[in-house]
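Trainee: Let's see this in three dimensions:
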Amino acid sequence: MIQINSERLRLIPLDNQLLTIWHEQSRNAMEAKLGLNLSNWQIADFDRAETEDALINFWLPMTAQHPVDFFWFTTWEIILASENLSIGGIGFAGFPDQEGVTMVGYFIDGNYREKGYATEALNCLVDWAKLEPSLKTIIADTPFFNLPSQNVLKKAGFKEFAIGETEHLNEKIQTKNWKLGIRD
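Mentor: Residues are numbered from 1 along each chain as shown. Just a heads-up that it's a prediction; the model follows:
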């Protein structure tokens, strides 16, 4: 099983089998399959709805379509190594496109925020992604009001490049758009 290790974290990408266990049984069943201590994520309704939507409408179908390079199309569990506990998720929206661009997203359990875990996980995943020669740019969108997430992106070297609007679960929200140049 592929995983990325940092000083405090392990990142493990969920393949289609693990995502199916999560969807058909429960997150706890999936965590048990990974040998993790069971988490009880404290996440906002916004993040919970976004996670459920991604599980059903993106991660499951895309990992089924891309079994070899699924790690570009899934969530990576962010595991706090000292507790063997999932504290969040991070992942890309697919393999880099023809222009070399992919998008990243992440969240951290409310009990583990403001401890630098999101920045550490983002830096790890970006370092791993840099091994892909076609990758030129990683982009991210944050809700306009999500200052902690914007600070994570700034610490990881992302630069704000636009203000936008996106539809999220049938609701329009204002966003800040960020990018990190990998190669010119």
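Trainee: which residues in this protein form helices?
Mentor: For the chain, the helices defined by DSSP state H cover 16-24, 27-33, 45-54, 60-65, 117-129, 147-155.
Trainee: what's in contact with the fifth one?
Mentor: Residues lying outside helix 117-129 but in contact with it, judged by Cβ atoms under 8 Å, 6 or more residues apart in numbering, are 4-9, 11, 76, 78, 80, 87-88, 90-92, 102, 104, 106-108, 135, 138, 148-149, 152-153, 155-156, 180, 182. Any C-beta I mention is one placed from the backbone N, CA and C, and that applies to glycine too.
Trainee: Would you mind listing the buried residues in it?
Mentor: Buried residues in helix 117-129, defined by neighbour count with 16 or more other Cβ atoms under 10 Å: 117-126, 129.
Trainee: got those as JSON lines, with distance to Met30 and pLDDT columns?
Mentor: Formatted as JSON lines, these follow (distance: Cβ to Cβ, whole Å; pLDDT from 0 to 100):
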{"residue": "Tyr117", "distance to Met30": "20", "pLDDT": "98"}
{"residue": "Ala118", "distance to Met30": "21", "pLDDT": "97"}
{"residue": "Thr119", "distance to Met30": "25", "pLDDT": "97"}
{"residue": "Glu120", "distance to Met30": "23", "pLDDT": "98"}
{"residue": "Ala121", "distance to Met30": "18", "pLDDT": "98"}
{"residue": "Leu122", "distance to Met30": "22", "pLDDT": "98"}
{"residue": "Asn123", "distance to Met30": "25", "pLDDT": "98"}
{"residue": "Cys124", "distance to Met30": "21", "pLDDT": "97"}
{"residue": "Leu125", "distance to Met30": "20", "pLDDT": "98"}
{"residue": "Val126", "distance to Met30": "25", "pLDDT": "98"}
{"residue": "Ala129", "distance to Met30": "24", "pLDDT": "97"}
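Trainee: and of the residues you listed, the nearest to Phe46?
Mentor: Nearest to Phe46 out of the buried residues of helix 117-129 is Ala118 (Cβ to Cβ; 15.9 Å).
Trainee: Quick one: low-confidence residue ranges for this protein.
Mentor: Along the chain, segments meeting pLDDT under 70 span 168-169, 184.
Trainee: The same query, at a cut-off of 80, please.
Mentor: Across the chain, residues meeting the criterion (pLDDT under 80) sit at 1, 46-47, 166-171, 184.
Trainee: tell me the centre residue of it?
Mentor: Ile90 (1.7 Å; Cα atoms, centre = their mean).
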